[in-house]
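>>> From the sequence below, what's the structure:
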Amino acid sequence: MPSARAPAATGQWPSSNPLNRTLRRVFGHTRLRAGQAEVIERVMQGRSTLAVMPTGAGKSLCYQLPALLLEGRTVVVSPLIALMKDQCDKLRALGVQAIQVNSALSADELAAAETALRDGSARIVLTTPERLADHAFLEQLAAHPVALVAVDEAHCISQWGHDFRPAFLDIGPAIRALGNPTVLALTATAGSEVAADVMKHLAIPRERLVETGAYRANLHFAVEQMQQEEDRQRRIVELVQQEAGSGIVYAATVKAAEQAFELLRARNESVAIYHGKLGTRERGEAQERFMSGAARVMVATNAFGMGVDKPDIRFIVHCQMPSSLHAYYQEAGRAGRDGQRARCVLLFQAKDRVVQQFFLAGKYPQLEDLDAVYRQLLATPPGDEGWTSASLLEALDRPRSKMQAAVALLRQAKLLRIGRRGEMALRQKAASRADLSTMLDAYKERRLQDRQTLERMLSYAQTGQCRWQLLLAELDPSAEAKRCGTCDNCRRIAAHEATLAQPILVGTPSTTAAAAAAASPQAKARARKPVLFAESDPVKVRRFGAGVVVASTEGSVTVAFEDGTQRCIHPAYVTRRRVPRKSASSDSDSESETVALLAGGASARGLLKAGMPA
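Numbering: from 1, shown residues only. Alright, predicted model coming up:
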């Protein structure tokens, strides 16, 4: 997809430019970060844009600054009520007329917000995608001209993304109902398919993509291999105690989050917990404690953190592997928003894969889920207003995410009619002719993509290559693939290369002379040159045992091991192994078959059972 890569240097306008004056007077900034000037100028020109900017790049300013100069109000759509409140409070403190409209408001707060909507005094309106399905609310928004719609965390609109939220599908129709104002979509991560999907849903021309690059030199990545759960629990405590400043410990499951929380609390750590099973008040209090510094550490599932505006987070520990590199980058990227060094550590255990496979199995609706929604819509709705999204989900005793995806699928197939106040009804004539099983075919490809995405996350967890190189290959393929020099693998490689380059200056005259010769630049270069391996070479790695080479480059060897796993290892840690032969013909055939099976993931135990040498 064509894109405009923003310049690396910070932007600046002439002092007489209204943007520059407002930037200084209201926000107190004298300079901009990379990409901000370009995105802001596009918005001021009325050019709808998708901006992919890393966490901490200042995405909020890209709509807040234009909002104060555009003729008309700005509507900001965000999935996070806590973040919305934080932004609204900060804008009001700067003297900006901002309001929020969401389900967490009291009756008095909601009445005050509606008054500001009607009289036009609200310059910035922050709301949720769910509110945009309310036609009465849309009418209030449209009572005064809307100049800009900013969609934060825009990747949530894509079913190809790692964090799809069906409510985001209401944003496109709402934009059209508001007269098609300029749209600014913002996200920290979007691959080519997700970016194309976002731009399609929000009617942003394909050439209007701005990417500022994903690389952040202040984030230092590392992965530690955990053999036992006890090792992981011990290491969580050690890492938290080693690091100064605030940090987040992420877990994939509520159970693991609660275990880590209790573990840290027992060590008298200043800690809070946040996950989706807590009540709204409990989550709000936990977030407030962390943001204010009353709690140094937040233990959380991925329910916490999207858009968290805390600049001084010094460490992120993942005690379980997330589902994708995009999700990992989003969560790890919450560290170091102030530009100072931050540590990002993943504690990897092989069973993490099973946890993520379980989540993926429940991600998409099955035929019975789609049929359940269809039949429920045919039933008599409660009350007189008809089926709404809330009443439908309440009536169906099934996983909420699957039901939301099933409703979204019916809407996309134009089998649902949405009334002025959000009431839903089947288009029965069209629905009676629809083949529900065929509608689910698109999810087959998505399930395959999810499995491939998980495999890339596993490769990151097990690689011997530069961590940033693997992250950028997924997030920003156009980035120059240089070693970062700061991740655990880069430091390990550098230490090994330094050891190889050290001359031996003690011993007999002959050995001393040999050492001196080895110290020549040519000899050092030869010592540092990695050994190249051919595909199917039998090899061994001290930590992981025997295996065969699947692929090899100067910087990395991918090895299939006897337990069925594949890992990327630096060549310095890989040695060839001899395979004993009994006879020239039979053993050659047996070795070839063994190599092929190992490369395909067969285990050593299986080979032994088959009577083949492992």
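>>> Not counting its neighbours along the chain, what's nearest Leu61?
Taking Cβ to Cβ, 6 or more residues apart in numbering as the measure, Leu61 lies nearest to Gln36, with 6.1 Å between them; neighbours along the chain are not counted. For the C-beta atoms, the positions are set from N, CA and C on the backbone; glycine is no exception.
>>> same deal with Leu169?
Take Leu169 and drop its neighbours on the chain: the residue closest to it by Cβ to Cβ, 6+ apart is Ala408, 5.3 Å away.
>>> same deal with Gly336?
Among residues not flanking Gly336 along the chain, Ala342 sits closest, at 3.2 Å (Cβ to Cβ, 6+ apart).
>>> The one you found touches Ile313, doesn't it?
Yes: taking Cβ atoms under 8 Å as the definition, Ala342 is a contact partner of Ile313 at 6.6 Å.
>>> Mind listing the shared neighbours of these two?
Contact criterion Cβ atoms under 8 Å, 6 or more residues apart in numbering; residues bridging Ala342 and Ile313 by contacting each: 335-336.
>>> show me where the stretch 251-400 of the chain has strands.
Shown for the stretch 251-400 of the chain, the strands assigned by DSSP state E, counting those that start in this stretch span residues 271-274, 297-300, 313-318, 342-348.
>>> could the ones you listed be laid out in CSV, adding distance to Cys487?
Rendered in CSV, the data for the strands of the stretch 251-400 of the chain read as follows (distance: least, Cβ to Cβ, whole Å):
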stretch, distance to Cys487
strand 271-274, 27
strand 297-300, 23
strand 313-318, 14
strand 342-348, 9
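>>> Show me this protein divided up by domain.
The chain breaks down by automatic domain parsing into domains covering 4-211, 219-350, 365-439, 487-528, 530-614.
>>> closest to Glu445 out of those domains?
In terms of Cβ to Cβ, the element of those nearest to Glu445 is domain 4-211, at 9.4 Å.
>>> What lies in contact with the helix or strand that contains Ala431?
Of the helices and strands defined by DSSP states H and E, Ala431 is found in helix 428-433. Where contact means Cβ under 8 Å, 6+ apart, the residues beyond helix 428-433 that reach it are 374, 378, 410, 414-415.
>>> quick one: average pLDDT of that helix?
Helix 428-433 comes out with an average pLDDT of 78.
>>> Give me the next element, helix or strand, following it.
For helix 428-433, the following helix or strand on the C-terminal side (DSSP H and E) is helix 436-439.
>>> With respect to burial, which of the strands of the stretch 251-400 of the chain scores highest?
The highest average neighbour count among those, using mean count of other Cβ atoms under 10 Å, belongs to strand 297-300 at a mean of 28.
>>> partner strands of that one, parallel or antiparallel?
In the sheet, strand 297-300 lines up against strand 246-250 (parallel), strand 271-274 (parallel) (DSSP bridges).
>>> In CSV: those strands, plus distance to Val26 and mean pLDDT.
CSV is the format used below for the strands paired with strand 297-300 (distance: least, Cβ to Cβ, whole Å; pLDDT from 0 to 100):
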stretch, distance to Val26, mean pLDDT
strand 246-250, 28, 96
strand 271-274, 32, 96
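>>> out of those, nearest to Val355?
Ranking the strands paired with strand 297-300 by their distance to Val355 (criterion: Cβ to Cβ) puts strand 246-250 first, at 12.9 Å.
>>> Going by neighbour count, list what's buried in stretch 332-341.
Counting neighbours by 16 or more other Cβ atoms under 10 Å, one finds that the buried residues in stretch 332-341 are 332-337.
>>> Rebuild these as CSV, extending it with pLDDT and distance to Cys487.
Rendered in CSV, the data for the buried residues of stretch 332-341 read as follows (pLDDT from 0 to 100; distance: Cβ to Cβ, whole Å):
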residue, pLDDT, distance to Cys487
Ala332, 93, 12
Gly333, 90, 15
Arg334, 90, 18
Ala335, 93, 14
Gly336, 92, 14
Arg337, 87, 19
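>>> Dump the residues you listed into JSON lines; add distance to Ala434 as well.
Formatted as JSON lines, these follow (distance: Cβ to Cβ, whole Å):
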{"residue": "Ala332", "distance to Ala434": "43"}
{"residue": "Gly333", "distance to Ala434": "41"}
{"residue": "Arg334", "distance to Ala434": "42"}
{"residue": "Ala335", "distance to Ala434": "47"}
{"residue": "Gly336", "distance to Ala434": "49"}
{"residue": "Arg337", "distance to Ala434": "47"}
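>>> give the contact list for Val198.
Listed by Cβ under 8 Å, 6+ apart, the contact set of Val198 reads 50, 154-155, 157-158, 185, 187, 190, 204.
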